[in-house]
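Visitor: Curious how this folds, go ahead:
(chains A and B)
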Amino acid sequence: MRWLFIFAGCLLLNLGVFAEKLEYHKVYTPQEGMSAEEIMKIMYHNKYSLFARDYQQTGEVLYVDPSGFTRKRVWKRQRIVKAGQEGISYKDLVVMTYPTELKGLAVLTWTYEDPQKDQNVWLWIPSLKKVRKISASEDDDAFMGSDFTVEEVSTRRFEDESYKLIGSKNFPGYKFEHTGEVKFKDKPCFVVECTPLKPHWYYSKRIVWIDKDTGGNIFEEYYDKNGKLFKTLFREWVWTDLGDKKYPSQISLECKDLRTNHRTVILMEDTKYDQDLSEYDFTVKALMRSRW
Amino acid sequence: MRKVLFLGLLFLGGNLWARPVNENLEYAGYLKTEFWLKNYNDESHLSLSSFKNTFDLEVEYKLSENWAFFFHPRFFYDFAYDLREDFNSNFDRNQFKMGHTQRTEWLRDCYLDFTSDKLDIRIGKQQVVWGQADGLPFLDRVMPFDLSYYWLYDFADIRIPLWMIKVEYSPELNSTLQFLLIPDFEASRSAPAYAPFAFKANNDWYDFKTSYNPLLTIYRPPKQFENSRVGLRWRSILGNDIEYTLNWLYGYSTSAYTYTDSYASLQFSRRHKLMHMIGFSFNKSFVEPGLLEGWTIRGEFAYFHNEPTYYGTDGYRRRTERTDKYTYVLGFDKTFFTNWVFSLQFAQFIHDKKTFGGYQLLNTYTYGLLEKVENYLTLKVSTDFMHERLKPEVLIIYNDDNDGRISFKAKYELRDNFWLTLGYHHFWGPLGGSNGQFRNNDHLVLEAKYTF
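Guide: Have a look, this model is predicted:
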């Protein structure tokens, strides 16, 4: 009986935390009994790696057209989590390393805590050898020309949608076309229906499968205004073991446009957390160091 | 024979070098072929203006976490002059200046880099860029320019790199003081007479020289330490939002100015003069909800003290006098319709004196008459299609004398390492206008680029 009270107490304490903002630099996972909002808050917390102090990784994007013809981009990404200091949630630096034509192109982004505020974005343009402050991309624009939109990768916030918990289900599995493997078959998930608050948005609703283990959004189905499924998005979430702690990480993504049969694969590797990155590497001066 | 060897290197190079050596050594480069086809035929040259082949290599070697060495050679050879030598026109005589890489121009970058949180030092041949404007070099005056193809190439390719020391010190996170010491000197260049984009003033001088055989003496500041140009720039951010710079540059002008030393004996000289430039720039993105959300506003102002200026009558320079000039540009950028980026700029070029000794202010490129205040509007629109495989853009530059140009460019990614570009430059305006002088000089540009 005593354990029951302790468990209930912990649960209430946990729910109390979720009613407010999630704390930076802490790992959260979804629990049974949580509301759709609480589950989605954890998902966003994990998606933007707000549990870590910093991280870096190498990413590869493959654009695959229906004939199988593939183009590739490779980048190096670094993020420092500012945890709300000076109103900033985190700062990102993405540097393109492949193909040569885009090598050196670098984007510095400051994302604010206030969900109403757009990001501040600076771009290093190798053809001008110059930094340009640019307007943030439109949220429904394709992210680097891929099948993902900008908001699906980097700007969507918890506050942008309303949520309804559909229930708990085992994920039927996803055939990752890049390797042919079936991933996450029978993985226990929460299923949440998300409806955008913006009127006339590019989707009318999406169904999101949240992995109960990592809190990651492993699968999303996008529906148009006629209720027709037009896009699916798969994310492979795993635990990264750091010895004394472990963090949830995305290692591969696949987005399929069902209207065009075009798909985009993102593969991430060499992910490192809490490397004590210097905030000086997230300044305009650092962008100007680019040699390419 | 040398051409054959050069071509051989171009086409073998990609396969030989496209392999990493080790994790500290990184390289990239390209082979590029471009055709410039003149749309209007006139007496001066036929349709093929340029058949330029370029080899470019960039090598970075990381000596340690803080130290790196960067080396960037580039060579080109323009076959148009060989293909057209049978015409024996003025065009062909320019092969020595336009047909292949000149002197030390092959070395685009060669520097040693030290980087740390607070202090960055870059020593060697490099480019330094100031300002916020697109395509209008008001504050961007640290480097000399190579205007052999007018302003049509990317600015990184138009600037002439210099040997210099650049020190950047950050007393706090987002604030940096930049100090430049430039002992090297190169003069800005323009195309020789009767080259495809030769300025009218150059063509006129060539004709005058041919008829009257005047004496021209060129004075360049000796490459001595005391003649070094110096620059300072303070860059900071006000309240996470407004980024600004304060700039100062002092030294010999990179442009040479023509002086008449003696009318009677037809003695002329080209001289570089000491001058000051003081300026500032700023930018702000509106990230808060509201009417201006999504807009980025940027601007720059530059004041030139003691810059030589031409005065005369329409088409004829009579005097060169030192005056002051003020320039500013305001830019407004926003993305519309999901992925259409619009960038509008308004600029003014204000001269201190419209007349001098009864003579009118003249355009440096053409000796055409100028107003005291010249107004410019530019608009750049860019977008992408086919998952960023096709990227078209158009740039319109318009001056209030109804002088301007439209440059269209569409870039297509055939493979990761193979890119095609189609461009077109259309000029209009009075003969004495900066763009109008090329009104009979529209060009179609085709480019194929193999990268490694």
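Visitor: Would you enumerate the residues in contact with the residue of the stretch 101-250 of chain A found nearest chain B?
Guide: Nearest to chain B in the stretch 101-250 of chain A, going by CB to the nearest CB, is A:G145, at a distance of 2.6 Å. No exception for glycine: its C-beta is placed from N, CA and C like everyone else's. Taking CB atoms under 8 Å, 6 or more residues apart in numbering or on different chains, we find A:G145 in contact with A:Y63, B:D384, B:H387, B:E388, B:R389.
Visitor: do the same with B:F70
Guide: Counting by CB under 8 Å, 6+ apart, B:F70 has contacts A:R291, B:E58, B:V59, B:E60, B:Y61, B:D109, B:C110, B:Y111, B:D113, B:G124.
Visitor: Skipping its backbone neighbours, what lies nearest it in space?
Guide: A:R291 (4.7 Å; CB to CB, 6 or more residues apart in numbering or on different chains).
Visitor: Would you check how far apart that neighbour and B:A191 are?
Guide: Between A:R291 and B:A191 the computed distance is 30 Å (CB to CB, to the nearest Å).
Visitor: what does the stretch 1-150 of chain A put close to chain B?
Guide: A:63, A:65, A:71-72, A:86-88, A:98-101, A:103, A:110, A:112, A:116-121, A:126-130, A:132-138, A:140-142, A:144-147 (CB under 8 Å from any CB of the partner chain).
Visitor: Could you identify the buried members of those residues?
Guide: A:63, A:71, A:88, A:98-101, A:103, A:110, A:112, A:117-121, A:126, A:128-130, A:132-138, A:141-142, A:144-147 (16 or more other CB atoms under 10 Å in any protein chain shown).
Visitor: What is whichever helix or strand A:T195 is part of packed up against?
Guide: Using DSSP states H and E, A:T195 sits within strand A:187-196. Secondary-structure packing of strand A:187-196 (3 or more CB pairs under 8 Å, 6 or more residues apart in numbering or on different chains; DSSP states H and E): helix A:36-47, strand A:161-171, strand A:205-211, strand A:217-223.
Visitor: ok, which stretches of chain A are helices?
Guide: A:2-19, A:36-47, A:150, A:284-288 (DSSP state H).
Visitor: To clarify, my last question referred to the stretch 151-300 of chain B.
Guide: For the stretch 151-300 of chain B, applying DSSP state H, counting those that start in this stretch gives helices covering B:155-158, B:200-212.
Visitor: how many neighbours does residue 102 have?
Guide: Just so you know, I chose chain A. The local packing of A:L102 (other CB atoms under 10 Å in any protein chain shown) involves 19 other residues.
Visitor: Oops, wrong one, chain B.
Guide: Count around B:Q102 with other CB under 10 Å applied: 14.
Visitor: again, but for the one 3 residues further on
Guide: Other residues near B:E105 come to 17 when the count uses other CB under 10 Å.
Visitor: That one: what's it in contact with?
Guide: Taking CB under 8 Å, 6+ apart, one finds B:R74, B:D146, B:I160 in contact with B:E105.
Visitor: ok so, going back, make JSON lines out of the helices and strands packed on strand A:187-196 and add mean neighbour count and mean pLDDT.
Guide: Shown next, in JSON lines, are those (neighbours: other CB atoms under 10 Å in any protein chain shown; pLDDT from 0 to 100):
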{"stretch": "helix A:36-47", "mean neighbour count": "22", "mean pLDDT": "96"}
{"stretch": "strand A:161-171", "mean neighbour count": "14", "mean pLDDT": "97"}
{"stretch": "strand A:205-211", "mean neighbour count": "23", "mean pLDDT": "98"}
{"stretch": "strand A:217-223", "mean neighbour count": "21", "mean pLDDT": "98"}
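Visitor: would TSV of these with distance to B:L31 be doable?
Guide: Shown next, in TSV, are the helices and strands packed on strand A:187-196 (distance: least, CB to CB, whole Å):
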stretch	distance to B:L31
helix A:36-47	42
strand A:161-171	49
strand A:205-211	46
strand A:217-223	42
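Visitor: about what we covered before: kindly tell me how buried the residue nearest to B:F70 is, as a neighbour count.
Guide: A:R291: 20 neighbours (other CB under 10 Å).
Visitor: And A:Q56, by the same measure?
Guide: 17.
Visitor: Quick one, grab the pLDDT at it.
Guide: A:Q56 is assigned a predicted lDDT (pLDDT) of 96.
Visitor: Mind checking which residue lies nearest the centre of the chain?
Guide: If you meant another chain, say so; for now it's chain A. Note on chain A: the residue nearest the mean C-alpha position is A:K47, at 4.0 Å, using CA atoms, centre = their mean.
Visitor: you looked at the wrong chain, it should be chain B
Guide: Centre-most residue of chain B, counting by CA atoms, centre = their mean: B:I158, 3.5 Å.
Visitor: what about the chain, any weak spots by pLDDT?
Guide: Assuming you mean chain A. Low-confidence segments of chain A, defined by pLDDT under 70: A:1-20.
Visitor: that's the wrong chain, I meant chain B
Guide: B:1-21, B:41-46, B:85-92.
Visitor: Quick check: the residue of it nearest chain A.
Guide: For chain B, CB to the nearest CB, closest residue to chain A: B:E388, 2.6 Å.
Visitor: just checking, that residue touches A:A142?
Guide: Yes. Applying CB atoms under 8 Å as the test, B:E388 and A:A142 come out as touching, 7.3 Å apart.
Visitor: What parts of the stretch 151-292 of chain A come near chain B?
Guide: Checking the stretch 151-292 of chain A against chain B by CB under 8 Å from any CB, the hits are A:H262, A:T264, A:S278, A:E279, A:Y280, A:T283, A:V284, A:K285, A:M288, A:R289, A:R291, A:W292.
Visitor: Kindly present the residues you listed as a markdown table, with separate columns for distance to B:R220.
Guide: Output for those, formatted as a markdown table (distance: CB to CB, whole Å):
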| residue | distance to B:R220 |
| --- | --- |
| A:H262 | 57 |
| A:T264 | 55 |
| A:S278 | 44 |
| A:E279 | 45 |
| A:Y280 | 40 |
| A:T283 | 38 |
| A:V284 | 35 |
| A:K285 | 34 |
| A:M288 | 30 |
| A:R289 | 32 |
| A:R291 | 30 |
| A:W292 | 32 |
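Visitor: What subset of those is buried?
Guide: Here, 16+ other CB under 10 Å leaves A:H262, A:T264, A:Y280, A:T283, A:V284, A:K285, A:M288, A:R289, A:R291, A:W292 buried among these.
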